[in-house]
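# Provided below are the primary sequence and the corresponding predicted coordinates.
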Amino acid sequence: MRAVVQRVRSAKVTVGGEVVGAIGQGLCVLVGVTHDDTPAHARKLADKVWNLRVMDDEAGVMNRSVADTTREVLVVSQFTLYGDTSGGRRPSWIAAARPEHAEPLVQLVIDQLRELGATVATGRFRTDMLVAIENDGPVTVIVEV
């Protein structure tokens, strides 16, 4: 399981002209699932995101987590994180899990974050989503579990 975690001033997901999820300052988490990912991976990813020290402290140093600050997280499923371009110019999606496997694991990440105390907004699985991100910093990290 992998995620791109971005510290944002704001982020939102729009589907069919309707905003389905939005946050203010916090983290936007794009989550990719591969075939051998398990619920243990999803729980570990949620914990890692929750405690990731990429938020500024009073001195402007990235020393705090979203758990310590805004508690706002936007989670968006992103199968393209497993795109493989090693064979040419057209990405292969063979490493991306099928929706039947990925959706419950992305939902578990969301549920775990909420259980930890996050205010979580989400995209909508299996839809054409427009994601607007006002990246703060920019601070963007890749998390793999």
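Here it is on my side, so go on.
# ranges for the helices of this structure?
For the chain, applying DSSP state H gives helices covering 39-51, 99-116.
# just how off-centre is the last one within its chain?
Counting by C-alpha atoms, centre = their mean, to the nearest Å, helix 99-116 is centred 11 Å from the centre of its parent chain.
# ok, now stretch 3-10?
Remark: stretch 3-10 is offset 8 Å from the chain centroid, using C-alpha atoms, centre = their mean.
# start at 122 instead
Okay, residue one is now 122; in that scheme the one you just asked about reads as stretch 124-131.
# buried residues of that stretch, list them for me.
124, 125, 126, 127, 128, 129, 131 (16 or more other C-beta atoms under 10 Å). Placement of C-beta: from N, CA and C, glycine included.
# export that stretch as CSV, just CAs?
Provided in CSV are the C-alpha atoms of stretch 124-131 (Å, rounded to 0.1, in the frame of the first residue of the first chain):
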residue,chain,number,x,y,z
ALA,A,124,0.2,7.0,-0.4
VAL,A,125,1.2,10.4,-1.5
VAL,A,126,0.6,12.7,1.5
GLN,A,127,0.4,16.4,0.9
ARG,A,128,0.2,19.1,3.5
VAL,A,129,-2.5,21.4,2.2
ARG,A,130,-4.1,24.8,3.0
SER,A,131,-7.2,23.3,1.5
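# what does the pLDDT read for residue 160?
For residue 160, the pLDDT comes out at 98.
# give me the number of residues near the closest residue to it other than its chain neighbours?
Excluding the flanking residues, the one nearest residue 160 by C-beta to C-beta, 6 or more residues apart in numbering is residue 229, at 5.7 Å. Here the number of neighbours of residue 229 (other C-beta atoms under 10 Å) works out to 18.
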